[in-house]
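what's the 3D shape of this:
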Amino acid sequence: MAQWRRLYAYLNIENPHVAWEVAIGRIQSHGLFTDQSFGISVWHASRLKKLSTFGLVDSVLDEFSLELYRKTNYPDKVSRMQGVYFFESEEMLNIAFQRWSIPINKAYISEVNFHGVNFSNHDSEWITDCMGGNDKDWFGPYLRGDTRGANPLTEVVASGIGNILNNDLRNLAIQKVLERTPDSSPFLFLAIAATKLGVMDAALSTPYVYLEDGRIAVHHATKLDTLQACEGPATRELIRLYEKGLLTYPIIRPNGPDAVARMPDLRDLKFYVDVPDAISVFQSVHASILNV
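Model prediction:
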């Protein structure tokens with residue numbers, strides 16, 4: 001049964017895709033708005049990037065194996081490859097990143113009001129201590145939600161959509177989007193207005209995977225059909241937001257007689273993974289997406 005939960009997320013808006021979604025004010029799991037399981041999590045995309053950069057990495061291959069094990073034995077648990085990641089408190093989030101020796105910008109932490117159709121709680125210490133090792137017996141305990149030790153670091157992997165409550169972070173994200181792609185401001189602000197009307201997938205940006213010439217390719221897609229369908233009401237809502245002072249950033253008009261508003265160009269985020277040992281298990285994990 002769907003429920004609302006207040007959770008905490010680290011949202012790295014240095015990633016242009018993340019900045020776009022945070023600017024609009026939402027965080028969502030992938031496959032939520034499509035009939036097929038289209039799209040992957042930002043976490044999974046980052047793990048594939050590690051494969052692309054460093055070659056064969058046991059911890060990343062374990063992600064594939066863990067997903068296959070989940071599909072077979074714990075299909076009710078949320079996929080790490082499509083879900084979104086939270087902690088139940090800001091304190092727990094900070095402890096986790098310290099434990100992992102990952103530097104963070106605390107301005108990028110936000111409380112999220114998340115409407116989840118499914119939540120899976122896991123002790124992330126299993127991932128920290130066991131992922132990449134020879135022993136795979138930890139898959140079951142991790143997926144069941146067993147604690148590994150006396151001081152569990154509970155992460156919540158969720159399926160659903162939520163509202164980002166840190167408005168300062170949202171403003172930072174808007175600034176980053178406008179600095180990188182100022183011509184996208186009409187689409188950005190229309191998407192913000194559309195979400196106010198409940199069109200939660202307006203201009204939704206999604207990383208996704210596919211096979212291209214025998215290689216794993218990771219790219220980004222933006223869903224424009226629902227934004228186009230509600231353009232009239234969204235425009236009226238956008239005017240209202242400006243009139244009420246709820247949105248103060250000016251729409252940046254494209255320069256030149258032939259200039260047009262454009263969606264953010266994320267082509268520079270595309271990359272390939274050419275690791276033969278990963279291809280077969282990759283195809284098994286993503287069979288529903290690849291139709292293989």
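
Now the phi/psi pair for Arg80, please.
Note on Arg80: backbone dihedrals following degrees, to the nearest 10 are phi -70, psi -20.

for Val117, same thing?
In terms of degrees, to the nearest 10, the main-chain angles of Val117 are phi -90, psi -20.

and what of the one 5 residues further on?
The phi and psi torsions at His122 (degrees, to the nearest 10) take the values phi -140, psi 150.

mind listing what it touches?
Applying CB atoms under 8 Å, 6 or more residues apart in numbering to His122 gives the contacts Tyr142, Leu143, Gly145, Thr154, Glu155, Val156, Val157. For glycine as for every other residue, the C-beta is placed from the backbone atoms N, C-alpha and C.

pLDDT score for it?
Looking at His122, its pLDDT is 96.

what's the spacing between it and Glu212?
32 Å (CB to CB, to the nearest Å).

Next: Leu56.
Separation of Leu56 from Glu212 (CB to CB) stands at 20 Å.

still on that earlier bit, ok, of the contacts of His122, which come out buried?
Neighbour counting by 16 or more other CB atoms under 10 Å classes Tyr142, Leu143, Thr154, Glu155, Val156, Val157 among the contacts of His122 as buried.

Restricted to strands, list these.
Taking DSSP state E, the ones among the buried ones among the contacts of His122 that sit in strands are Thr154, Glu155, Val156, Val157.

Any chance of JSON lines for the residues you listed, columns pLDDT?
As requested, these are exported to JSON lines (pLDDT from 0 to 100):
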{"residue": "Thr154", "pLDDT": "93"}
{"residue": "Glu155", "pLDDT": "95"}
{"residue": "Val156", "pLDDT": "97"}
{"residue": "Val157", "pLDDT": "96"}
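
Gln28: which of the residues you listed is nearest?
Val157 (13.4 Å; CB to CB).

so Gln283 sits right up against Val209, yeah?
No. Counting by CB atoms under 8 Å, no contact exists between Gln283 and Val209, whose distance comes to 10.4 Å.

Neighbour count for those two, which is higher?
A count of neighbours by other CB atoms under 10 Å puts Val209 above the other of Gln283 and Val209, at 22 against 15.

and that one, helix, strand or coil?
Put simply, Val209 is strand when judged by DSSP: H, G, I helix; E, B strand; the rest coil.

I'd say it and Ala217 touch.
Yes. Counting by CB under 8 Å, Val209 touches Ala217, with 6.8 Å between them.

closest to Asn167 among the ones in strands among the buried ones among the contacts of His122?
The closest of those to Asn167 turns out to be Val156 (CB to CB; 22.7 Å).

what sits opposite the closest one in the beta ladder?
Taking DSSP bridges as the rule, Val156 bridges to Phe86, Asn121.

got it, and Val273?
Beta-bridge partners recorded for Val273 (DSSP bridges): Ile216.

and it, what does it touch?
Neighbouring residues of Val273 by CB under 8 Å, 6+ apart: Leu48, Leu51, Ser52, Arg215, Ile216, Ala217, Val218, Phe282.
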